[in-house]
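**Q** any chance you could fold what I've pasted below:
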Amino acid sequence: MDIVIRPVVAGEYGELGEITARAYLLDGLLDFGESDAYLDVLRDVAGRAAAAEVLVAVEGGALLGGVTFVPDGGPMADIARPGEAEIRMLAVARAGRGRGAGEALVRACVDRARATEGCVRVVLSTQRTMRSAHRIYERLGFTRTPARDWNPLPELDDITLLTYELTL
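**A** Below you'll find the model as predicted:
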């Protein structure tokens, strides 16, 4: 079967929220485990869908993962500047990994960025330990931008996020 990338529908918000939260938890990406406040943000697909475009990867009716595409700044942008789109919260369920869902989601975001008038670049933040995601980004032509690395929680100095960009 083929993986289909399409916008999330309201009936999938809960499932995608859990896929996203589980991906971050099981990969050890949240410092405080189940008590991490960021889990609420990861689970809030309805909030993301109201402020940006949330895409899902589906195969044979099964939801494999999702991503948030921020075409032109707004409340969901972390690092995007004028003329940049941003990719946020890429997550693939364990059962869907290694099948191309993550790469298909990133490609869909790049395609949407290319179709966005005035967009010249796609940017994203990632954690150091997200090596599988780094390989996807690099394979698709993204390059590291160390000068833009940042810390979302300045009180914890070991949470620096790495940044990547793709010039369109």
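**Q** pass me the low-pLDDT residue ranges in the protein, would you?
**A** 1, 27-36, 154-158 (pLDDT under 70).
**Q** strands along that one, start to end?
**A** Taking DSSP state E, the strands of the chain run over residues 3-7, 53-59, 62-70, 84-92, 121-126, 143-144, 162-167.
**Q** which residue packs closest to Y164, ignoring adjacent ones?
**A** Spatial nearest neighbour of Y164, excluding adjacent residues (Cβ to Cβ, 6 or more residues apart in numbering): F142 at 4.1 Å. In this view, the C-beta of every residue, glycine as well, is placed from N, C-alpha and C.
**Q** what of E84?
**A** Leaving out its chain neighbours, E84 is closest to R121 (Cβ to Cβ, 6+ apart), at 4.6 Å.
**Q** list the contacts for that neighbour?
**A** Counting by Cβ atoms under 8 Å, 6 or more residues apart in numbering, R121 makes contact with G83, E84, A85, A113, E165, L166, T167, L168.
**Q** so it bridges to which residues?
**A** In this structure, R121 bridges to E84, T167 when assessed by DSSP bridges.
**Q** picking that back up, distance to T126 and neighbour count for the contacts of R121 - can I get that in JSON lines?
**A** Converted to JSON lines, those look like this (distance: Cβ to Cβ, whole Å; neighbours: other Cβ atoms under 10 Å):
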{"residue": "G83", "distance to T126": "21", "neighbour count": "13"}
{"residue": "E84", "distance to T126": "16", "neighbour count": "24"}
{"residue": "A85", "distance to T126": "16", "neighbour count": "27"}
{"residue": "A113", "distance to T126": "17", "neighbour count": "23"}
{"residue": "E165", "distance to T126": "12", "neighbour count": "20"}
{"residue": "L166", "distance to T126": "13", "neighbour count": "20"}
{"residue": "T167", "distance to T126": "18", "neighbour count": "10"}
{"residue": "L168", "distance to T126": "19", "neighbour count": "15"}
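**Q** picking that back up, for the strands of the chain, give me CSV that also has distance to R99.
**A** Shown next, in CSV, are the strands of the chain (distance: least, Cβ to Cβ, whole Å):
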stretch, distance to R99
strand 3-7, 7
strand 53-59, 7
strand 62-70, 7
strand 84-92, 8
strand 121-126, 20
strand 143-144, 26
strand 162-167, 22
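**Q** out of those strands, which gets nearest to L26?
**A** Nearest to L26, of all those, is strand 84-92, at 10.3 Å by Cβ to Cβ.
**Q** by contact count, what packs against that closest one?
**A** Helices and strands touching strand 84-92, by 3 or more Cβ pairs under 8 Å, 6 or more residues apart in numbering; DSSP states H and E, are helix 13-26, strand 62-70, helix 101-114, strand 121-126.
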